[in-house]
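Build the 3D model from these lines:
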Amino acid sequence: MEARLAASLAVLAAYLAAGTGLALWTRRYLGARWSARDYYTAGGRLGGFLAAMTYAATTYSSFMIVGLVGFSYLTGVGAAGFELSYFVATMALLAWLARRAWRLSRERGWLTPSGMLADLYGSRALAAAAAALYLVALIPYAAGQLKGIGEAVAGLAGGSEAYYRAGVLLALAVMLAWSLVAGIWSVAATDALQGLLMLAASLGLLAWTAARVAPAGWGGVTSALSSRGLLGLEPAWPPAKFLAFITPWIFFAVTNPQVVQRLYMPRDERALAAMVRGFGFFGILYTVVVTLTGLLARAGAELGLLPLNPQGADEVTPQLISIAGPALASLVFTSIVAAAVSTADSILLTLASTTEQDLAGGRRRAGQLAAIAVAAAMAAVAWARASYIVALAVTSSALLLPLAPPTIAALATARRLPAATAWASLALGLAVDAALIALHGPKGPLAPAALTIAGTPIPGPLLVLAASTLPLLTPGALRGEPLARAAPA
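Model (predicted):
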């Protein structure tokens, strides 16, 4: 254990040194040319590779290498169905809306997703409301990134609580430094390094896990999983639970501001197309690799080939690296840090931009202070180990779900729609969210049977989506005015 921990910390130190050097280089490269547009959206000048890697690394976080591996271990192939639902929906949304969002961002000078909504609905107050919602709703998702690093450090140290907290503090320091040094340029540059590391480590962990269970053969693996009911949706994934998890997740690409903002960054249509293709390749490969790792690990545990005994989903990957060789453990551990930092960096930077642009009248210091405050809040949630990583991530998307219908409607029509429509959509969706939380506690939107109609369990997020869609179905809701051409900011 000491050898693994020492080797992992050495590799991590080298990685942090490389990443910090890259971040500082981008700051020097930018020099005095910084503007809000450069700092937050790279001036719309990212090439296809950087755009693809920052989109992928922002999307796929410790949620995958820690959270989804463990979720697959505990709940079986339903976890793969849950994550593939997100992937398919995201690719469909990008194919439909990405080019329009990119073009309009160039024409109209969008810097933030909340500013985009304000422009499309003609209401600056709507931008402030959306920015405030981001500040609250993204805390659970960002906290999950810190938790992933903390669990990995604790796993290498035999489950020590002190090491868990040290890992949380380390992650907090790194993500604050990298996100605020040079804005999106440092985040995008380090994302490229992090994305490649994430893929390499996940493939290595899968190969090692497969080798450990190889003596049982494929038949032994499927038999072990089948005996526990892990090769179908039931009993781990009853329909209400499955719908509760996938409903907010399939709209992630249009509700989570850190990924919406990335649609403004490619330098031209070719770079945008490369971004979508690159994300598609990365996403399907990474999803298959991590879910298969979790399933093989469970089969190995059932067959006595892997000494695993996790008390929760987030302990599976840390237990795997605690028994792997020092080299592989170091690589996977560092990739967990990379995955978590890339996503948290992007969240903090996006929150800084929405606060600066839409709440503080363009004062950058206010945006940076807001990012630091949110970082402290997410560290507190991670410190308390409030929930497992997958639930934290989907809870954030459930809270942001009311933004999906008005965002899709405005981008699909490319018209300035009535502001009252967006306000009604947001208010109704948030009212249902609030009612579910009041009835069922903080996890209310994800309760498998949050509300019952005529004896039928209806998942909370489905109710939120229905409520926020209703105003868009009223007469005249989509009869907006053509967008006048605006000069880019």
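
List the residues that contact the residue lying closest to Val221 once chain neighbours are set aside.
Take Val221 and drop its neighbours on the chain: the residue closest to it by CB to CB, 6 or more residues apart in numbering is Ala299, 4.2 Å away. Placement of C-beta: from N, CA and C, glycine included. Contacts for Ala299 (CB atoms under 8 Å, 6 or more residues apart in numbering) come out as Val213, Ala216, Gly220, Val221, Thr222, Ala224, Leu225, Leu305.

The third one is in what secondary structure piece?
I take that to be Gly220. Per DSSP states H and E: Gly220 is located in helix 217-227.

circling back: let me know the closest of the contacts of Ala299 to Ala130.
Leu225 (43.0 Å; CB to CB).

okay but Gly48 is in contact with Asp268, surely?
No - checked against CB atoms under 8 Å, the pair Gly48 and Asp268 is beyond contact range at 9.1 Å.

What's the local residue count around Val390?
Val390 is flanked by 26 other residues according to other CB atoms under 10 Å.

what's the distance between it and Gly144?
Val390 sits 8 Å away from Gly144 when distances are taken as CB to CB, to the nearest Å.

what touches both of these two?
Joint contacts of Val390 and Gly144 (CB under 8 Å, 6+ apart) are Phe63, Gly67.

average pLDDT across stretch 345-363?
On average, the pLDDT along stretch 345-363 is 89.

what's the answer for stretch 113-127, then?
95.

and Met306, what is it in contact with?
That one is not Met; residue 306 is Leu. Leu306 touches Thr209, Arg212, Val213, Ala297, Gly300, Leu320, Ile323, counting by CB under 8 Å, 6+ apart.

confidence score at it?
97.

tell me the secondary structure for it?
coil (DSSP: H, G, I helix; E, B strand; the rest coil).

For it, give its distance to Leu320.
From Leu306 to Leu320 the distance is 8 Å (CB to CB).

And Pro418, by the same measure?
53 Å.

Comparing the two, which residue is more hemmed in?
A count of neighbours by other CB under 10 Å puts Leu320 above the other of Pro418 and Leu320, at 27 against 19.

With adjacent residues omitted, what lies nearest to that one?
Looking at Leu320 with CB to CB, 6+ apart, the closest residue is Ala297, at 6.1 Å.

Can you tell me how far that neighbour is from Asn309?
Distance from Ala297 to Asn309, by CB to CB: 12 Å.

Who has more neighbours out of the two?
Between Ala297 and Asn309, counting by other CB under 10 Å, Ala297 is the more crowded of the two (28 against 8).

and the residue nearest to Leu320, how far is that from Ala216?
Counting by CB to CB - Ala297 and Ala216 are separated by 13 Å.

before we move on, back to that, any chance of TSV for the contacts of Leu306, columns pLDDT and secondary structure?
Putting the contacts of Leu306 into TSV (pLDDT from 0 to 100; DSSP: H, G, I helix; E, B strand; the rest coil) gives the following:
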residue	pLDDT	secondary structure
Thr209	97	helix
Arg212	96	helix
Val213	97	helix
Ala297	97	helix
Gly300	97	helix
Leu320	95	helix
Ile323	91	helix
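
of all those, which comes closest to Leu436?
Ala297 (33.5 Å).

Can you name the residues that contact the closest one?
Val69, Tyr73, Thr209, Leu306, Leu308, Val316, Leu320.

what about this structure, any weak spots by pLDDT?
Within the chain, the segments meeting pLDDT under 70 span 1-3, 27-34, 179-182, 447-456, 484-489.

So of the contacts of Ala297, which two are at opposite extremes in space?
Taking CB to CB, no two of these sit farther apart than Val69 and Leu306, at 12.8 Å.

Have a look at Gly48 and Asp268 and say which one is more surrounded.
The residue with more neighbours, out of Gly48 and Asp268, is Gly48; 19 against 14, by other CB under 10 Å.

and the gap between the more buried one and Met275?
Taking CB to CB, one finds Gly48 at 6 Å from Met275.

Mind listing the shared neighbours of the two?
Common neighbours of Gly48 and Met275 (CB under 8 Å, 6+ apart) are Pro266.

Tabulate the CA atom coordinates of stretch 254-268 in CSV.
Only the C-alpha atoms of stretch 254-268 are listed here, as CSV (Å, rounded to 0.1, in the frame of the first residue of the first chain):
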residue,chain,number,x,y,z
VAL,A,254,-28.6,22.2,-23.2
THR,A,255,-29.0,22.8,-19.4
ASN,A,256,-25.5,22.6,-18.0
PRO,A,257,-23.9,26.0,-18.8
GLN,A,258,-20.3,24.7,-18.8
VAL,A,259,-21.0,22.6,-21.9
VAL,A,260,-23.4,25.0,-23.6
GLN,A,261,-20.6,27.6,-23.4
ARG,A,262,-18.3,25.3,-25.3
LEU,A,263,-20.5,25.7,-28.4
TYR,A,264,-19.2,29.3,-28.7
MET,A,265,-15.5,28.4,-28.8
PRO,A,266,-14.7,26.6,-32.1
ARG,A,267,-13.0,29.0,-34.6
ASP,A,268,-15.0,27.9,-37.7
